[in-house]
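Visitor: Sequence and predicted structure below; questions after.
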Amino acid sequence: MSKNEDVKNGVIFSLGEKNEAYQKYFKGQSWLNSLVSDPALPVGVGNVTFEPGCRNNWHKHNGGFQILMATGGEGWYQEEGSPARKMLPGDVVVVHDGVKHWHGATKDSWFSHIAITAGTAEWLEPVDDEYYAGLE
Ligand code: MN
């Protein structure tokens, strides 16, 4: 039994659809509920839900930024050159322009966060499996 199973029923916002468009940049299953996608605005807002063990590849948001707001379960955020940081509901992370990072669930917990994103994503290599498995 994974931790925080209730997160898969949606926390505040519903799960949305399976995140097919970005699946190739993720390991494991995620879901995306697009909350704001307005061509008149320079940012998008989405609720992303990760199954246990799911995380995205290393990536950058070029010419923009990202704000992550944890809403449920337990997750990780890591910037290149820094230790992974545990994310719990209420935690907020600001990702500046061009900073290489990844985010996702812990290995044994569901996780959800709101992502406010601007700029162009540049997708890079997967997070090392052994490193991820060793995160506590
Ligand atoms: Mn990101």
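Guide: Ah, there it is. This structure is a prediction, so every number in the text was calculated from the model and none was measured. Residues are numbered from 1 along each chain as shown.

Visitor: Next, the contact list for the residue nearest to residue 90 when sequence neighbours are not counted, please.
Guide: Spatial nearest neighbour of residue 90, excluding adjacent residues (C-beta to C-beta, 6 or more residues apart in numbering): residue 70 at 6.5 Å. Every C-beta, even on glycine, is put in place using the N, C-alpha and C of the backbone. By C-beta atoms under 8 Å, 6 or more residues apart in numbering, the residues touching residue 70 are 87-92, 111-113.

Visitor: give me that answer again for 7 Å
Guide: 87-91, 113 (C-beta atoms under 7 Å, 6 or more residues apart in numbering).

Visitor: Relative to residue 63, which of those residues is nearest.
Guide: residue 113 (21.8 Å; C-beta to C-beta).

Visitor: Determine the three-state secondary structure at that closest one.
Guide: strand (DSSP: H, G, I helix; E, B strand; the rest coil).

Visitor: Could you give the number of residues near it?
Guide: 27 (other C-beta atoms under 10 Å).

Visitor: Tell me how far it lies from residue 100.
Guide: For residue 113, the distance to residue 100 equals 18 Å [C-beta to C-beta, to the nearest Å].

Visitor: ok so, going back, any idea which helix or strand carries the residue nearest to residue 90?
Guide: strand 59-73 (DSSP states H and E).

Visitor: chain center to the helix or strand following that strand: distance?
Guide: Toward the C-terminus, strand 59-73 is succeeded by strand 75-79 as the next helix or strand (DSSP H and E). Chain-centre distance of strand 75-79: 8 Å, with C-alpha atoms, centre = their mean, to the nearest Å.

Visitor: change the start of the numbering to 370 and stick with it
Guide: In the new numbering, first residue 370, that becomes strand 444-448.

Visitor: Check which helices and strands strand 444-448 sits against.
Guide: The contact analysis (3 or more C-beta pairs under 7 Å, 6 or more residues apart in numbering; DSSP states H and E) places strand 444-448 against strand 454-456, strand 470-474.

Visitor: Just the residues contacting that strand, thanks.
Guide: So strand 444-448 is in contact with 419, 424, 437, 453-456, 462, 468-475, 480, 482, 504, going by C-beta under 7 Å, 6+ apart.
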